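>>> model the structure of this input:
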Amino acid sequence: QVQLVESGGGLVQPGGSLRLSCAASGFSFSSYSMSWVRQAPGKGLEWVSDISSSGGRPWYPDSMKGRFTISRDNAKNTLYLQMNSLEPEDTAVYYCARLGDYEYDYWGQGTQVTVSS
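A predicted model of the protein is given here:
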């Protein structure tokens with residue numbers, strides 16, 4: 001079955017960095033675009049970044065451009081998110097999601113990122 005397992009979250013001080021990973025299994029990872037999505041406490045889902053199946057055409061909202069970098073290793077079936085210059089407002093649960101034909105059809109369980117001094 002399809003599984004997406006995130007890791008790499010934790011507590012970091014403002015200005016610090018984290019690298020999130022999402023290990024995929026149960027499907028042809030290299031055939032699907034993937035995304036990172038986050039949810040801050042008491043708020044809705046916020047798209048963080050998308051990447052095409054081949055690894056090209058990454059997308060970021062303006063608030064994250066220059067700080068976050070999405071990448072993937074199709075040989076390892078793994079999606080990454082490098083986060084630099086973290087701010088308290090980046091505190092959230094971060095999810096990876098698979099883009100199916102019409103919607104994000106599979107989600108991981110999430111990894112908590114807390115930015116605090």
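>>> how many neighbouring residues does S53 have?
Neighbourhood size, S53 [other C-beta atoms under 10 Å]: 16. (C-beta placed from N, C-alpha, C; glycine too.)
>>> quick check: it touching S33?
Yes: between S53 and S33 there is a contact under C-beta atoms under 8 Å: 5.5 Å.
>>> dump the residue contacts of G26.
Going by C-beta atoms under 8 Å, 6 or more residues apart in numbering, G26 touches 1-3.
>>> what sits closest to it if chain neighbours are left out?
Spatial nearest neighbour of G26, chain neighbours left out: V2 (4.3 Å); criterion: C-beta to C-beta, 6 or more residues apart in numbering.
>>> sorry, back to before: just the ones of the contacts of G26 in strands?
Q3 (DSSP state E).
>>> where do the strands of this protein begin and end?
3-7, 10-12, 18-25, 34-39, 45-51, 68-73, 78-83, 92-99, 104-107, 111-115.
>>> so which elements touch the third one?
Spelled out, that is strand 18-25. Strand 18-25 sits against strand 3-7, strand 34-39, strand 78-83, strand 92-99, strand 111-115, with contacts defined as 3 or more C-beta pairs under 8 Å, 6 or more residues apart in numbering; DSSP states H and E.
>>> TSV for these, including distance to F27?
Formatted as TSV, the helices and strands packed on strand 18-25 follow (distance: least, C-beta to C-beta, whole Å):
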stretch	distance to F27
strand 3-7	9
strand 34-39	11
strand 78-83	13
strand 92-99	7
strand 111-115	20
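>>> closest to L45 out of the ones you listed?
Across the helices and strands packed on strand 18-25, L45 has its closest neighbour in strand 34-39 (5.3 Å, C-beta to C-beta).
>>> that closest one - what's its average pLDDT?
Mean pLDDT, strand 34-39: 97.
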